[in-house]
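>>> coordinates only, no sequence provided:
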């Protein structure tokens, strides 16, 4: 006979296998048509379907419902089914946004007008050149196409995008002038986004430090095809020997895949921080965008306005900061247009907010180099 301390229950079980709870709740039996062993993960007593029970006063009772446990039984491993969760399902929402953000058609139009009317804070230049650098498949080309889509009024793929995550689809230096400054959709703005080969796990598999710095300094000609075996030099066809401010890069944006930020090889961290050190020595400011945030958090996937209430995305941005050696105040999340055919107002707002963030640091470059 087994001892059971708890509430007396009256029942007529046809079958009553013991219910298991991770917490010390009273044992209960029930009348069931079918019953299965249950494991309570959240501290609630396990119950069976179609139960009838009457609760009496607390008392000490004797019952033979559970078989005696022998020493050999105690040594047998117990089967416990553990539910599988994805990163998004484990994420939760904070009570308040950890960054203030406004979402509306008016905000979208205001940000668009800010980009349309942007002028570099220097009379010596007419365009702001922004270079995107990041691992293969992080979303550099998609970001360019997404920004252009906002100003085109429809989803377009201006910068060609590949589907492979191991081989860089972009091989050449391509500069994309974002168009849509006025009523004429083809009128260029002062923003130029530059796309280059993706950074690999080693210099033999992607953009090299030497070539990245050559682009930033303005030596690389438009359309230059990158090759680790043939670094940019004075012998390179179209090499710019004496680049002016118009040829140089005025801000560098590191593009990091939020869904992979915790699984990048350690070599990436060393590569990025080495890049950042050399770029800083050139007096060029750097920021970062965290892409694929819809793949980091399920709630954000269905409602992008939850991006600054998502704990998972906040943690991903912290990891991106550690990878780059950069404060999270320099990092902004974005959702690129990938499979969509139509624009979304809130996705546009998030993209435009990232562009606004970038342009602030573009102007810092001109202010720092105004003398």
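Yes, it's here. What you are looking at is a predicted structure, and each value in this text was computed from that prediction instead of being measured.
>>> how much space separates residue 290 from residue 254?
10 Å (C-beta to C-beta, to the nearest Å). In short, each C-beta sits where N, CA and C put it, glycine included.
>>> please name the residues that touch the residue most central in space within the chain.
Nearest residue to the geometric centre of the chain (C-alpha atoms, centre = their mean): residue 258, 2.5 Å. Residue 258 is in contact with 290-293, 295-296, 313, 316-317, 320, 333, counting by C-beta atoms under 8 Å, 6 or more residues apart in numbering.
>>> residue 114: which element?
According to DSSP states H and E, residue 114 maps onto helix 105-116.
>>> and that helix, what does it pack onto?
helix 140-152, strand 188-195, helix 345-368 (3 or more C-beta pairs under 8 Å, 6 or more residues apart in numbering; DSSP states H and E).
>>> could the ones you listed go into TSV alongside distance to residue 205?
Output for the helices and strands packed on helix 105-116, formatted as TSV (distance: least, C-beta to C-beta, whole Å):
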stretch	distance to residue 205
helix 140-152	16
strand 188-195	18
helix 345-368	27
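>>> tell me which of these lies nearest to residue 126.
With C-beta to C-beta, the closest approach to residue 126 among these belongs to strand 188-195: 6.5 Å.
>>> number of nearby residues for residue 368?
Neighbourhood size, residue 368 [other C-beta atoms under 10 Å]: 11.
>>> how about the helices of the protein, start to end?
Using DSSP state H, the helices of the chain run over residues 71-75, 87-90, 105-116, 140-152, 209-217, 266-281, 298-302, 311-324, 345-368.
>>> shaky segments in the stretch 1-150 of the chain?
Residues of the stretch 1-150 of the chain meeting the criterion pLDDT under 70: 1-91.
>>> returning to that earlier point: and the residue nearest to the centre of the chain, what pLDDT?
Listed pLDDT for residue 258 reads 96.
>>> can you pull the contacts of the closest residue to residue 250 other than its chain neighbours?
Leaving aside its sequence neighbours, residue 250 sits nearest to residue 365 (C-beta to C-beta, 6 or more residues apart in numbering; 4.5 Å). By C-beta under 8 Å, 6+ apart, the residues touching residue 365 are 250-251, 283-285.
>>> over to residue 359?
Per C-beta under 8 Å, 6+ apart, neighbours of residue 359: 114-115, 118, 128, 191.
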